[in-house]
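Undergrad: got a structure for you, letters missing:
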């Protein structure tokens, strides 16, 4: 019989990280260990209040299906008894890791895909005063891709400050549902002139009908509006891209299905993350090859990452070593 452990961890951030809906100073994660014989698979999730998740609630969800996990449930059966979300993500990814370690294969070989290669990852500037965002841009002046968190205030001023202090970086913007369609229409032309290539979830997921068939000059990406492949039909005509996060899909298994379904609908793909350690980012690297944008910089926001962690160098994130995951 398998041995299963769910535990919580807190990882302090280098500095407070602000977005339009709040500020965080640490990453609170849940880690699942599933052991069989001498092999242990691990998965990490980040419970997210926006989706009514708490650390305690996620642990309870995991504990509820402990008996099935111990008896050997597989990933397909897991999806049938658990909803998409953080709890299933940690378990699903632990099962991938367990299979990889038990069979002495890499996860991408099990998945039947090419081995991932180093990918350019966005590095994120949190919401702040213009002075603070200038300082952050100067720290990232050599970054090839910068993601900027914004709210509805001083939008063009903040972006101009970032652009001026990191002039060679490609830029994407994330208001985290903090705008209206009217604000988007006003600021989009100016943002495009600054080099902004994509805007992520500018308006609330439940109030995005105004995006339909509007010819914006910039790509709009669904984040909070897209969790699993079941959401895709409602997004066509409003968004040109989706942000796939394993904490939303409920793990790598559904994330791969979501990516295939999105490609069939000609929707672009971004691979994103919550703020967590390299263990949470590692499974998402299997999807980097199909993504137009990779945003897996969560560990760079931490004071200290897990060891071993992913390698970040020169704006690139490298595939995980087997000791970390998969």
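TA: Perfect, I can see it now. From a predicted model like this one, the values you see are computed outputs, not experimental measurements.
Undergrad: how about the longest strand anywhere in the chain: buried residues?
TA: The longest strand of the chain (DSSP state E) is strand 3-19. Across strand 3-19, burial judged by 16 or more other C-beta atoms under 10 Å covers 4, 6, 9, 11, 13, 17, 19. All C-beta spots, glycine's among them, are computed from the backbone N, C-alpha and C.
Undergrad: JSON lines please, covering these and showing pLDDT and distance to residue 104.
TA: Listed next are these as JSON lines, based on pLDDT from 0 to 100; distance: C-beta to C-beta, whole Å:
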{"residue": "4", "pLDDT": "97", "distance to residue 104": "22"}
{"residue": "6", "pLDDT": "98", "distance to residue 104": "26"}
{"residue": "9", "pLDDT": "98", "distance to residue 104": "28"}
{"residue": "11", "pLDDT": "98", "distance to residue 104": "30"}
{"residue": "13", "pLDDT": "98", "distance to residue 104": "36"}
{"residue": "17", "pLDDT": "89", "distance to residue 104": "38"}
{"residue": "19", "pLDDT": "90", "distance to residue 104": "41"}
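Undergrad: Is residue 273 in a helix, a strand, or coil?
TA: Secondary structure assignment for residue 273 (DSSP: H, G, I helix; E, B strand; the rest coil): coil.
Undergrad: number of nearby residues for residue 160?
TA: The tally of other residues near residue 160 (other C-beta atoms under 10 Å) stands at 16.
Undergrad: Tell me if it really is in a helix.
TA: Yes: assessed with three-state DSSP, residue 160 lies in a helix.
Undergrad: Can you add distance to residue 201 and give the buried residues of strand 3-19 back as TSV?
TA: Shown next, in TSV, are those (distance: C-beta to C-beta, whole Å):
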residue	distance to residue 201
4	34
6	30
9	28
11	25
13	22
17	17
19	11
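Undergrad: Pull the number of nearby residues for residue 151.
TA: Residues within reach of residue 151, counting by other C-beta under 10 Å, total 16.
Undergrad: got a list of what it touches?
TA: Taking C-beta atoms under 8 Å, 6 or more residues apart in numbering, we find residue 151 in contact with 20, 127, 175, 176, 178.
Undergrad: If we use 10 Å, what do you get?
TA: By C-beta atoms under 10 Å, 6 or more residues apart in numbering, residue 151 lies in contact with 18, 19, 20, 21, 127, 158, 175, 176, 178, 179.
Undergrad: I would like a ChimeraX command selecting only the buried ones among those, please.
TA: Selecting only the buried entries of these in ChimeraX, with 16+ other C-beta under 10 Å as the criterion:
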select :19,20,127,158,175,176,178,179
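Undergrad: Closest to residue 225 out of the contacts of residue 151?
TA: residue 176 (11.9 Å; C-beta to C-beta).
Undergrad: Got phi/psi on the closest one?
TA: phi 50, psi 50 (degrees, to the nearest 10).
Undergrad: Adding distance to residue 194 as columns, could you present the contacts of residue 151 in CSV?
TA: Listed next are the contacts of residue 151 as CSV, based on distance: C-beta to C-beta, whole Å:
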residue, distance to residue 194
18, 21
19, 20
20, 19
21, 24
127, 17
158, 11
175, 15
176, 19
178, 18
179, 16
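Undergrad: any idea which of the contacts of residue 151 is closest to residue 187?
TA: Set against residue 187, the nearest of these by C-beta to C-beta is residue 179 (7.9 Å).
Undergrad: can you pull out the strands in the stretch 151-300 of the chain?
TA: Ranges of strands in the stretch 151-300 of the chain, per DSSP state E, counting those that start in this stretch, are 170-174, 196-200, 219-222, 241-244, 268-271, 293-294.
Undergrad: Which is the succeeding secondary structure element to the last one?
TA: Read it as strand 293-294. Counting by DSSP states H and E, the next helix or strand C-terminal to strand 293-294 is strand 312-313.
Undergrad: Other residues contacting that next one?
TA: 118, 121, 123, 278, 281, 296, 297, 299, 300, 305, 318.
Undergrad: List the contacts of the residue nearest to the fourth one when sequence neighbours are not counted.
TA: Taking C-beta to C-beta, 6 or more residues apart in numbering, and ignoring the residues beside it in sequence, residue 278 has residue 309 as its nearest neighbour in space, at 3.6 Å. By C-beta under 10 Å, 6+ apart, residue 309 lies in contact with 277, 278, 279, 281, 282, 299, 302, 320, 321, 324.
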